[in-house]
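Student: Can you look at this prediction? I've put the sequence above it.
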Amino acid sequence: MQRLRAARRLIAHPSSSAPFLSSSISGFTKQLYAQVCLDSRPQATAHACFKSVAESYAEVSRGNCGVQFRCLGTVAATRNPLFSTVNDDDVKYFIDIVGDKNVIQDEDRLQTANIDWMRKFEGSSKLMLLPRSSIEVSQILTYCNSRSLAVVPQGGNTGLVGGSVPVFDEVIVNLSLMNNIISFDKVSGILVCEAGCILENLISYLDNHGFIMPLDLGAKGSCQIGGNVSTNAGGLRLVRYGSLHGNVLGLEAVLANGSVVDMLGTLRKDNTGYDLKHMFIGSEGSLGIVTKVSILTPPKLSSVNIAFLACEDYFSCQKLLLEAKSKLGEILSAFEFLDINAMDVVLHHLDGLRNPIPTSGHKFFILIETTGSNELYDKERLEAFLLSSMEQGLVSDGVLAQDINQASSFWRIREVSKLN
Ligand SMILES: Cc1cc2nc3c(=O)[nH]c(=O)nc-3n(C[C@H](O)[C@H](O)[C@H](O)COP(=O)(O)OP(=O)(O)OC[C@H]3O[C@@H](n4cnc5c(N)ncnc54)[C@H](O)[C@@H]3O)c2cc1C
C-alpha cells in the first residue's frame, strides 16, 4: 500500500469487500465496520466484509473488488470488468431522480470534471450528476450499487492528488448544488451545512456573524466543505485550531448501498460510545458520500499581525517554532514554512508577487501570524519575540506587514506555494 496512492475509490460494487484500504486499520475497527455492513448489506456481501484486511487487500490487488487504484503518476492498467457501463436506461433513471438539467452529458462540462486541478490526471466519464439533497444522493447510490456502476464523489475538484476525477468512466457525483447553510448557533459557534458549501462562502457567512472557519486554504474559492472533510484538509490555521478531527462535530453520509448514516451531532462534549464520523474524515470518498457537516467555529478576534521572516538553516526554523509556541503562546495562529526553491517557483510563475525579503542568500522563510484581542499587547509581544529571535541568531531578516494589502501578499505566497 505504501507506494500506491488510492486515486479513486469506486465505492459501489455488490461483490466488494473494498472499504478496507489501509493495512494499518485495527482489528477492532474492522469488526465494527463489519457490523455496519451486516446491518445494511445482503448476506453474501456481509460475509465478505468479515474477510481479513490482508485478504481484502489481496483482492484489491487482483482487481476483484470495488476499488480502482492508480499508481502515482500513472493510470491503473485495466478497467475492472466487474463494473457496468452507463446506458440510456441509466440516464433516463437519473433524469427521473435529479431532473434533466442536473444530468450532465455536455462534453465541455464533462471535460472540466474529468481533469484534476493540477492537470495531471484525466478520466473519461460520460456522465456527471448534480444531486440537490441527501435523498437524491441515496437514490443515485442505491441505483449505481444495483447496476454495478462505478462512482466518483466530487467536490470543488481542487484536490492535488487526482482523487476527485475518474480513473476510467465512473459516474461523477458532484455535490455543488448541495450548498445550503442549515443552521448557525451564535452561542456555541456551531455551524451545520450541506457538504457542497464552498469554503469561502462559509468564511464570509461566519465573518458577518463575528466568527471564523477553523480552516482556511488557498483553494477556498472553489473547494467544498465536504471535500475538505473527505481529504482531512489541514490549511493555514491548523497550528491554532487543530485538524478537522477536532473541529468536525458531526456528519451525515450516504454509504455505497444508498443507506443514509446520520452522525450529525452538534454536541462538543459527546462521549457516547463509538465515533464513526472519524472514519469519514480523510477517507476521500472511499466509505461513502458526505452530505452534511456540523463544525465548531471560533469567534473572530480583532487584532491580527503578520511577519515574514528569513532563516539561514532548517534547524533555526525548527527552533523558531518552539520559541514561537512558548513566547507567543495562545496568540500564535499560523506558522508556515517555505524554502528558497518554493519561493523561486512562486515568484517565477505568478505576476504581482515579490519576495518580501529580497536580500539574497536566504534559504528558508517563515510566515508567522498572531491573532488576539488586544492590539497593543499582541504587537508588543510579537515584536519582543522577533527581537529575541534575532538576538539568538534564529532569524536573519524579517518584515512586519503594515497593512491588509501587505498581509494578503504574504499569505498569497504561502497559498500558491502549496502547488509547487
Ligand atoms: C491552491 C490550493 C491550495 C491548497 N492548500 C491546501 C492546504 O493548505 N492544506 C491542505 O490540506 N490542502 C490544500 N489543498 C488541497 C485540498 O485538499 C483541497 O483543495 C480540498 O480540501 C479539496 O476539496 P474539494 O471540494 O475541492 O474536493 P475534491 O478535490 O473535489 O475531492 C477531493 C477528494 O475528496 C472526495 N470528495 C469530495 N467531496 C466529497 C464528499 N462530499 N463526500 C465524499 N468524498 C468527497 C473526492 O472523491 C476526492 O477523493 C490545496 C489545493 C489548492 C488547489
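Tutor: Yep, that arrived.

Student: near the ligand at all, stretch 239-248?
Tutor: No. With Cβ under 6 Å from any ligand atom as the criterion, the ligand is not reached by stretch 239-248; the gap is at least 9.3 Å. Backbone N, C-alpha and C define where each C-beta goes, glycine included.

Student: That stretch: which residues count as buried?
Tutor: Buried residues in stretch 239-248, counted by 16 or more other Cβ atoms under 10 Å: 239-241, 243-244, 247-248.

Student: Same list (the residues you listed) but as JSON lines, adding pLDDT and secondary structure.
Tutor: Listed next are the buried residues of stretch 239-248 as JSON lines, based on pLDDT from 0 to 100; DSSP: H, G, I helix; E, B strand; the rest coil:
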{"residue": "Val239", "pLDDT": "90", "secondary structure": "helix"}
{"residue": "Arg240", "pLDDT": "92", "secondary structure": "helix"}
{"residue": "Tyr241", "pLDDT": "94", "secondary structure": "helix"}
{"residue": "Ser243", "pLDDT": "96", "secondary structure": "coil"}
{"residue": "Leu244", "pLDDT": "97", "secondary structure": "helix"}
{"residue": "Asn247", "pLDDT": "97", "secondary structure": "helix"}
{"residue": "Val248", "pLDDT": "98", "secondary structure": "strand"}
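
Student: I'd like the distance between Asp169 and Lys126.
Tutor: 6 Å (Cβ to Cβ, to the nearest Å).

Student: for Leu350, same thing?
Tutor: Separation of Leu350 from Lys126 (Cβ to Cβ): 35 Å.

Student: What of Gly242?
Tutor: 41 Å.

Student: for stretch 180-191, the distance to its chain's centre please.
Tutor: Relative to the chain's own centre, stretch 180-191 is displaced by 21 Å; criterion: Cα atoms, centre = their mean, to the nearest Å.

Student: got the contact list for it?
Tutor: 192-194, 197, 202, 205-206, 209-211, 249, 266, 268, 292, 294-299 (Cβ atoms under 8 Å, 6 or more residues apart in numbering).

Student: List only buried entries from these.
Tutor: 192-194, 197, 202, 205-206, 211, 249, 266, 292, 294-298.

Student: the strands in the stretch 251-400 of the chain, which residues?
Tutor: For the stretch 251-400 of the chain, strands defined by DSSP state E, counting those that start in this stretch occupy the ranges 260-263, 289-296, 303-311, 332-339, 364-372, 397-400.

Student: Give me the nearest residue to the residue of the stretch 101-250 of the chain found nearest the ligand, chain neighbours excluded.
Tutor: Residue nearest to the ligand within the stretch 101-250 of the chain (Cβ to the nearest ligand atom): Gly227, separated by 2.0 Å. Distances taken as Cβ to Cβ, 6 or more residues apart in numbering place Gly155 nearest to Gly227, at 2.8 Å, with adjacent residues excluded.

Student: Is there a neighbour count for Asp88? I'd like the number.
Tutor: The tally of other residues near Asp88 (other Cβ atoms under 10 Å) stands at 7.

Student: And Ile340, by the same measure?
Tutor: Using other Cβ under 10 Å, Ile340 is surrounded by 15 other residues.
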